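Engineer: From the sequence below, what's the structure:
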Amino acid sequence: MQKYSFEGKHVLITGATGGLGSALARKLADMGTHLAVTSRSAKALDELISALPKETRVAPVVADLSVPGQADFLAAGAIEALGHIDCLFNNAAVGYFALMQETTEERIRLLFELNTFSPLALIKALVPHMKSRGAGRIVNIVSAAGRVPIPSVGVYGGSKSALATMANTMRLELEPIQIDIINVYPGTIDSSFEENALRERDRPGLCPTDRCGDPKWEIADQVLKAAEGPPGEVWLDRKGKWFSVAALIWPKYVDRRLKAVQDKVIRGSSVKPRRWRLVQVESSMACNLKCVMCPWKEFRATCGTGIMEQEVWDAIRPHLSDIRSVDFTGGGEPLLQPRLVEWTAEAHAAGCETGVLTNGLLLTEDRGRRLIAAGLDWICISIDAPDKETYEAIRIGSNFEQVCRNVAAFTRMRSNGKPETMINFVMMPSNFHQLEDMVKLSAHLSVDQINFKQCDVVRGDQAKGLGLFGREETRDRARMQKALGRARSLAKKLGVRTTAFQFIPKEKPVCDQDPRDEMFVRFDGHAGPCINLAMGGPTTFLGRDVMMPTVHYGRLPENDLSDLWDTEPCKFYRERFRDRVRVYEETFMGALVGDSMRSADRLHDAAVKRMPEAAEGCKICHYLYDV
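Structural biologist: I've put the predicted structure just below:
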């Protein structure tokens with residue numbers, strides 16, 4: 001296709017007095033273009049025209065595109081002023097920073113009128129005119145926010161997404177009559193966009209100051225270059241395109257990357273970054289049950305009381321303002337920790353998210369009420385069967401009816417869905433046939449989520465042979481995967497969220513026990529990357545007997561938590577996994593931004609081959625392989 005030339009063309013620009021609009025007007029004027037420019041402010045139009053070269057033929061049209069019907073008025077006025085219109089730049093838009101639950105109908109309608117309906121109305125008004133002339137060009141300024149679920153930008157993103165989708169459809173429909181449509185995704189522009197945006201409750205924007213992003217003159221050059229090219233979509237920001245594609249095929253990753261934005265817009269712009277995403281505090285290695293799959297039974301026999309002492313917590317407490325989340329779970333039953341409520345309250349007061357995994361037997365109504373009052377954010381209860389006989393054969397020493405009563409009482413005490421309540425279901429040969437019944441029980445107990453877990457941690461002979469996963473696909477594993485899919489579909493119908501792991505290993509760049517920003521503190525103060533490495537020993541990896549190394553950064557309270565974070569072993573794990581994630585993301589980004597036709601599985605395999613080797617111990621840990 002021959003490059004489109006703007007020289008001598010008649011161009012209509014909406015939002016012409018804004019940052020990008022004014023830059024486009026100036027650059028088009030320099031190309032010898034005849035302009036129709038619009039704004040709802042006559043004064044702003046006068047200022048724009050005075051800044052253009054004196055020889056520019058420019059027609060100002062005052063119009064408020066947030067008002068229905070003004071788009072048709074603008075199209076007619078521009079045609080009358082210039083004689084005809086060759087190209088339309090749909091640039092006018094307004095932002096809106098608000099959580100979805102606090103948006104107002106009035107402002108949602110205003111945004112869609114200005115950002116979606118008016119641009120479409122302009123296109124429809126100009127299409128017959130362009131068709132009569134045998135050609136036309138429409139350039140829409142859209143946004144990656146329409147493809148990525150950015151907290152507080154949902155309405156703006158939705159308005160731009162709607163415009164992009166409908167304009168893309170029109171592009172195919174108008175192609176036979178020589179009318180070209182180009183959607184341009186410019187990325188962040190240094191303009192007053194955020195300063196002029198609507199907002200609820202003084203919600204902060206996404207930039208650290210009123211102005212950020214690339215200079216408007218540079219973006220205008222890139223937009224015009226895209227406008228001179230073939231119809232279609234043009235992404236000026238590689239990162240925006242990457243996130244947009246990843247939001248479809250890798251949503252959990254995008255959610256994690258948006259966590260800082262989520263914290264900022266919900267908690268306020270004054271929240272400072274925290275060094276640790278998570279510190280897992282093993283408040284108790286002791287346990288009141290003897291479960292058949294517990295990997296820590298032999299270790300527990302050598303650890304004394306197994307209860308974390310106050311002095312260990314005292315060494316963590318000064319650093320709570322640098323910790324985003326505290327998980328009081330480890331290898332034992334945290335409700336045996338007599339100070340759990342007190343520690344939860346202290347972590348909550350420091351702004352930490354707090355949670356705990358329990359077998360539920362000790363979750364009495366009084367203890368549950370005190371944990372809720374302390375500010376607990378989530379609780380997960382291990383229930384591995386929907387009936388008494390199977391459950392008590394797995395959770396030896398427990399009482400099925402009592403646990404169910406405890407969970408039901410806890411969910412009734414909650415307010416506004418807090419704490420979030422989950423069930424862990426460890427899938428094993430003895431209970432796999434009960435998946436759907438387990439979903440029904442979860443719904444009956446009013447829990448929010450059920451996590452279908454594999455029996456993935458083995459120490460010595462404990463839990464050996466109970467895992468359902470394996471190196472290769474088999475008929476049985478395919479059957480189990482389908483059964484799990486049916487259970488998850490049922491859960492969706494019943495309003496229960498689910499998570500699940502693989503049946504066939506698939507190496508990840510980093511596991512959920514992420515040592516880049518996470519630390520595990522054992523009940524006796526020893527700190528390490530995760531529970532598996534903090535308590536090494538003989539284990540089984542995909543059916544093969546191996547030895548899990550023991551990795552300790554040091555011990556609290558003898559060492560300071562910050563000093564442990566700066567030890568060589570800790571730096572090694574952080575840097576190794578940072579490198580793995582960087583290579584993995586670069587592989588995906590390069591392929592996706594380059595429009596590679598390779599499948600997600602092939603991209604994954606290519607990225608895994610390029611990654612640095614995993615750290616010792618991690619290479620033989622099922623967590624890294626998502627099983």
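
Engineer: Okay, helices next: where are they in the stretch 301-450 of the chain?
Structural biologist: With DSSP state H, counting those that start in this stretch as the criterion, the stretch 301-450 of the chain has helices at 310-316, 340-349, 365-374, 388-394, 400-413, 435-444.

Engineer: Tabulate those in a markdown table, adding columns for mean pLDDT.
Structural biologist: Output for those, formatted as a markdown table (pLDDT from 0 to 100):
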| stretch | mean pLDDT |
| --- | --- |
| helix 310-316 | 98 |
| helix 340-349 | 98 |
| helix 365-374 | 97 |
| helix 388-394 | 98 |
| helix 400-413 | 98 |
| helix 435-444 | 98 |
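
Engineer: Gly232 is nearest to which of the ones you listed?
Structural biologist: Proximity to Gly232 (C-beta to C-beta) singles out helix 435-444 among those, at 44.3 Å. The C-beta positions use only the backbone N, C-alpha and C, and glycine is treated the same way.

Engineer: shaky segments in this structure?
Structural biologist: Applying pLDDT under 70 to the chain flags the ranges 1, 205-213, 266-272, 592-599.

Engineer: what's the single longest helix in it?
Structural biologist: When every helix of the chain is counted residue by residue (DSSP state H), the longest turns out to be helix 568-593.

Engineer: how close does the nearest residue to Ala98 once chain neighbours are set aside get to Leu65?
Structural biologist: With sequence-adjacent residues excluded and distances taken as C-beta to C-beta, 6 or more residues apart in numbering, Ala98 is closest to Glu200, at 3.8 Å. Counting by C-beta to C-beta, to the nearest Å, the separation of Glu200 from Leu65 is 22 Å.

Engineer: With Thr305 as the reference, measure out to Pro557.
Structural biologist: Taken as C-beta to C-beta, the span from Pro557 to Thr305 is 18 Å.

Engineer: what residues are up against Cys380?
Structural biologist: Under the criterion of C-beta atoms under 8 Å, 6 or more residues apart in numbering, the contact partners of Cys380 comprise 355-358, 421-424, 451.

Engineer: Let's see that with 10 Å instead.
Structural biologist: 327, 329, 355-358, 360, 419-424, 447, 449-451 (C-beta atoms under 10 Å, 6 or more residues apart in numbering).

Engineer: Buried residues of the helix or strand hosting Ile219, list them for me.
Structural biologist: Here Ile219 is covered by helix 216-227, with elements defined by DSSP states H and E. Across helix 216-227, burial judged by 16 or more other C-beta atoms under 10 Å covers 216, 219-220, 222-224, 226-227.

Engineer: Can you tell me the closest non-neighbouring residue to Ala534?
Structural biologist: That would be Gly528: by C-beta to C-beta, 6+ apart, it lies 3.7 Å from Ala534.

Engineer: Give me the phi and psi for that neighbour.
Structural biologist: phi -160, psi -170 (degrees, to the nearest 10).

Engineer: Arg574 versus that one, what's the distance?
Structural biologist: 13 Å.

Engineer: any shared contact partners between these two?
Structural biologist: When contacts are counted by C-beta under 10 Å, 6+ apart, the set common to Gly528 and Arg574 consists of Pro515.

Engineer: Please say which of those two ends up with more neighbours.
Structural biologist: For Gly528 versus Arg574, the count of surrounding residues by other C-beta atoms under 10 Å is larger for Gly528: 25 against 17.

Engineer: mind listing what that one touches?
Structural biologist: Taking C-beta under 10 Å, 6+ apart as the contact definition, Gly528 lies against 515, 519-522, 534-536, 550-554, 564, 569-570, 573, 617.

Engineer: And Arg109, by the same measure?
Structural biologist: Under the criterion of C-beta under 10 Å, 6+ apart, the contact partners of Arg109 comprise 66, 68, 117, 155.

Engineer: Can you pick out the most distant pair from those residues?
Structural biologist: Pairwise distances among the contacts of Arg109 were taken by C-beta to C-beta; the largest, 18.1 Å, belongs to Pro68 and Val155.

Engineer: And for Gln178, nearest residue in space, chain neighbours not counted?
Structural biologist: On the basis of C-beta to C-beta, 6+ apart, the spatially nearest residue to Gln178 that is not a chain neighbour turns out to be Ala135, at 4.5 Å.
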